[in-house]
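Engineer: Need coordinates for the below:
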Amino acid sequence: MPLIPTRGGAAVAASQAILAGIAPGGGLYVPGAFSSIDRITLRQMGSEPYAWRAATVLRTFLDDYTSPEIASAAEAAYGRFDVPQVAPVRSLGDATHVLELFHGPTLAFKDMALQLLPRLTRLAMDKCGEERELFVLAATSGDTGKAALEGFADVPGTRCAVFYPSEGVSQAQRLQMVTQAGDNTHVIAVRGNFDDAQTGVKRIFADPLFAAEMDGRGRVLSSANSINFGRLAPQVAYYFSAYADLLASGAITPGQRIHFAVPTGNFGNILAAEYARRMGLPVGKLLCASNSNNVLADFMRTGVYDARRPFFQTISPSMDILVSSNLERLLFELCGRDEGWVARWMQAQKEGQPYDIGPERLRVLQEGFAAEWVDDQTTRDTIQRVWRDTRYLLDPHTAVAARALMHYRERTGDWTPAVIVSTASPFKFGREVARALLGEVAIQGMDDFACCDLLADTCNLAVPPAIAQLPSLPVRHDAIIDASAMAEALRGM
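Structural biologist: Residues are numbered from 1 along each chain as shown. I've put the predicted structure just below:
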């Protein structure tokens, strides 16, 4: 099934959408229709390896890729994870489970897609006869950047540039990026927040003169952010995988609905769960969990999206986002795939104005979604509470989702089995997790890495090698610029 753009335009094959990243006119590519995964296949997933599960889902989206191509790409991508299950489900009791998406090389859920995207991209270049160098751009609030760099490092025919907010990532996240090896990788800090970096990247993609300039240099732009459908599609697979594992373990029965609580910033992760629902997965509520940057929670309560509000730097920095790009794909479905409505709403957003989806669309939205938000102190309290009660250690993003689920259950009395989507290793945020667990005095004078050692000793866990080695790696990227200089920085690469 071809992919179509949310703001109008021609349908394209999957390979074309993956290379382009974003549609002409600024829209995002979405499936022309959703194929179903039947219950027999869903049950079979429980006895198959993760790569098989992922390939089964991806085949429904990647219309011009062959089954052997998809299977080979999935097997290569998921062979670098530190557990054989790739995305295991852990039980915390009381009908509560955790889907661990942090077992890839960069210890964050972005690896689930960004270990696969470069392989899909190389295949797409061959399919489309693309001989120019693919210039892959990404804005990151912390985790996408390292995962993109790791995935594209030294991939022939590609170059990868990542922009991150200079003061908006953890020490470990920053070092993961600025120590990145690879002759084709570039990392640049942007003065400002993630929205500044993301808006800058979108502006670059929308500039035909810049595209022409890159073409003259033998380069074509593409994206590693979840605006690229090749980033989004692999994320759908792990929701099917989680359900299959719960089914195989006897935690749920065939056809039983389950809720997913998802820490949410740019809306890609939770949108993938909605796509799984549209493909037949028995999904109950999708719980959109926000931190103090609670624009999505307000939108789901009122139907009005209004990013005109203070921006907060929180202890869950990958969610410090006020303009959630992937919401556009959900809006496209809510308005009956009317690209005119989407274009008007996105134009209002571009002009810094709010938009209102109206009461009927809000009613439909609230049938499938619920929303909660959690401040920093409550996030810390949740890390401590869950460790005390279950001996399970959460990172600050996953703790937001865990507390949001607690709030939802307290508010509604709904104890449907639920999966908390865990997006990062707690050791990527060692200082904040140690502070939550042990208090400010215990970590006084320590950097993130000393805090990781303290956490490991306290919790009888091992610091992941990918974190432990960071202080000893040479810094290779030290540029810092204003957001207005992003295009110029790319010209110098």
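
Engineer: Helices of the stretch 351-493 of the chain, start to end?
Structural biologist: Taking DSSP state H, counting those that start in this stretch as the criterion, the stretch 351-493 of the chain carries its helices at 359-368, 376-390, 396-412, 430-438, 448-459, 465-468, 486-491.

Engineer: Including mean pLDDT and distance to L62, could those helices go into TSV?
Structural biologist: To be clear about C-beta, it is placed using only N, CA and C from the backbone, and glycine gets the same treatment. Output for these, formatted as TSV (pLDDT from 0 to 100; distance: least, Cβ to Cβ, whole Å):
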stretch	mean pLDDT	distance to L62
helix 359-368	98	26
helix 376-390	98	37
helix 396-412	98	29
helix 430-438	97	38
helix 448-459	96	38
helix 465-468	96	29
helix 486-491	96	29
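
Engineer: closest to P49 out of those?
Structural biologist: Comparison of those against P49 by Cβ to Cβ identifies helix 465-468 as nearest, at 22.9 Å.

Engineer: Put the alpha carbons of the closest one into CSV.
Structural biologist: The C-alpha coordinates for helix 465-468 follow below in CSV (Å, rounded to 0.1, in the frame of the first residue of the first chain):
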residue,chain,number,x,y,z
PRO,A,465,29.5,-0.6,29.4
ALA,A,466,28.1,2.0,26.9
ILE,A,467,27.8,4.4,29.9
ALA,A,468,30.9,3.4,31.9
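
Engineer: The helices of the stretch 351-493 of the chain into CSV, with extra columns for mean neighbour count and distance to R159?
Structural biologist: Shown next, in CSV, are these (neighbours: other Cβ atoms under 10 Å; distance: least, Cβ to Cβ, whole Å):
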stretch, mean neighbour count, distance to R159
helix 359-368, 13, 39
helix 376-390, 18, 37
helix 396-412, 24, 29
helix 430-438, 24, 32
helix 448-459, 19, 30
helix 465-468, 16, 24
helix 486-491, 16, 10
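
Engineer: These into TSV, with extra columns for distance to P2?
Structural biologist: Shown next, in TSV, are the helices of the stretch 351-493 of the chain (distance: least, Cβ to Cβ, whole Å):
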stretch	distance to P2
helix 359-368	26
helix 376-390	42
helix 396-412	34
helix 430-438	44
helix 448-459	46
helix 465-468	38
helix 486-491	30
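
Engineer: what's the closest of these to A17?
Structural biologist: Comparing the helices of the stretch 351-493 of the chain against A17 with Cβ to Cβ, the closest turns out to be helix 486-491 (22.2 Å).

Engineer: residue ranges with poor pLDDT in the stretch 201-350 of the chain?
Structural biologist: Low-confidence regions of the stretch 201-350 of the chain, defined here as pLDDT under 70, do not occur.

Engineer: in stretch 231-248, what's buried?
Structural biologist: By neighbour count on 16 or more other Cβ atoms under 10 Å, the buried set for stretch 231-248 is 231-247.

Engineer: Then stretch 92-107?
Structural biologist: The neighbour-count check on stretch 92-107 (16+ other Cβ under 10 Å) flags 92, 95-107 as buried.

Engineer: so who does R174 touch?
Structural biologist: Y164 (Cβ atoms under 8 Å, 6 or more residues apart in numbering).

Engineer: how far away is it from A343?
Structural biologist: According to Cβ to Cβ, to the nearest Å, R174 stands 37 Å off from A343.

Engineer: got it, and G358?
Structural biologist: 16 Å.

Engineer: Who has more neighbours out of those two?
Structural biologist: Set G358 next to A343 and count neighbours by other Cβ atoms under 10 Å: A343 wins out with 17 against 13.

Engineer: check which helix or strand covers the more buried one.
Structural biologist: For A343, the element it lies in under DSSP states H and E is helix 339-350.

Engineer: what angle do that helix and helix 359-368 make?
Structural biologist: Relative orientation of helix 339-350 versus helix 359-368 (axes from the mean of the first three to the mean of the last three Cα atoms, to 10 degrees): 90 degrees.

Engineer: Show me what helix 339-350 packs onto, helices and strands only.
Structural biologist: helix 327-334, strand 355-356 (3 or more Cβ pairs under 8 Å, 6 or more residues apart in numbering; DSSP states H and E).

Engineer: tell me the domain boundaries of the protein?
Structural biologist: What automatic domain parsing lists as the domains of the chain is 89-106+230-427, 428-463.

Engineer: Take those domains and write them to TSV, including distance to Y50.
Structural biologist: Listed next are the domains of the chain as TSV, based on distance: least, Cβ to Cβ, whole Å:
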stretch	distance to Y50
domain 89-106+230-427	6
domain 428-463	22
